[in-house]
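K.L.:
Okay, here's the prediction I keep looking at, along with the sequence it came from:
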Amino acid sequence: MAITEKNRRWVFNADIDGEQAAPGVERKILAYCDEMMCVENMFEEGAAGAPHSHPHTQITYVAEGVFEFTIENETKVVRKGDTLLKQNGVTHGCVCLEKGILVDFFTPMREDFIK
């Protein structure tokens, strides 16, 4: 098992180690380059992504589960197949209502995720 390297053309999920991003949340850094990054987040029911903002535009795809998301001051429940746009600097966070997976796409890449 390993971590993903920048500019790696092929990234196989089974080969990538996850890391604890928050209690009940495991994060896997998948393919990325300077301009963008793909990240998989696996949530246990009840786990939360604390409200935060960052200088990256982010699109989140709900691959599995049910989540309550707040973007700025608007809160909605999202499910498998839904997407969310969080432009740079916008405060957002979530609570997992049913165990699930979120796939995030960031532009530019999140250098703070790479150790």
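P.N.:
Perfect, I can see it now.
K.L.:
which secondary structure element contains V77?
P.N.:
Using DSSP states H and E, V77 sits within strand 74-79.
K.L.:
what's the following helix or strand after that strand?
P.N.:
Past strand 74-79, further along toward the C-terminus, the next helix or strand under DSSP H and E is strand 83-86.
K.L.:
name the element the spatially most central residue of the chain belongs to?
P.N.:
Of all residues in the chain, the one closest to the mean position by C-alpha atoms, centre = their mean is D104, 3.9 Å from it. Per DSSP H and E, D104 falls inside strand 92-107.
K.L.:
Quickly run through the sheet partners of that strand, with directions.
P.N.:
Based on DSSP bridges, the strands next to strand 92-107 in the sheet, each with its direction, are strand 37-43 (antiparallel), strand 48-52 (antiparallel), strand 57-71 (antiparallel).
K.L.:
What number of neighbouring residues does M42 come out with?
P.N.:
Under the neighbour criterion other C-beta atoms under 10 Å, M42 is assigned a count of 20. For glycine as for every other residue, the C-beta is placed from the backbone atoms N, C-alpha and C.
K.L.:
swap in T4?
P.N.:
Applying other C-beta under 10 Å, we find 20 other residues in the vicinity of T4.
K.L.:
Distance check, it against C96.
P.N.:
Here the distance between T4 and C96 works out to 24 Å (C-beta to C-beta, to the nearest Å).
K.L.:
And for G24?
P.N.:
With the distance defined as C-beta to C-beta, G24 ends up 7 Å from C96.
K.L.:
Pick out whichever of these two has more residues nearby.
P.N.:
In this comparison of G24 against C96, neighbours counted by other C-beta under 10 Å, the higher total goes to C96 at 23 against 15.
K.L.:
quick one: contacts for that one?
P.N.:
24, 43-48, 65-67 (C-beta atoms under 8 Å, 6 or more residues apart in numbering).
K.L.:
Identify the residue nearest it in space, chain neighbours excluded?
P.N.:
Using C-beta to C-beta, 6 or more residues apart in numbering and skipping residues adjacent in sequence, the residue nearest C96 is F43, 3.8 Å away.
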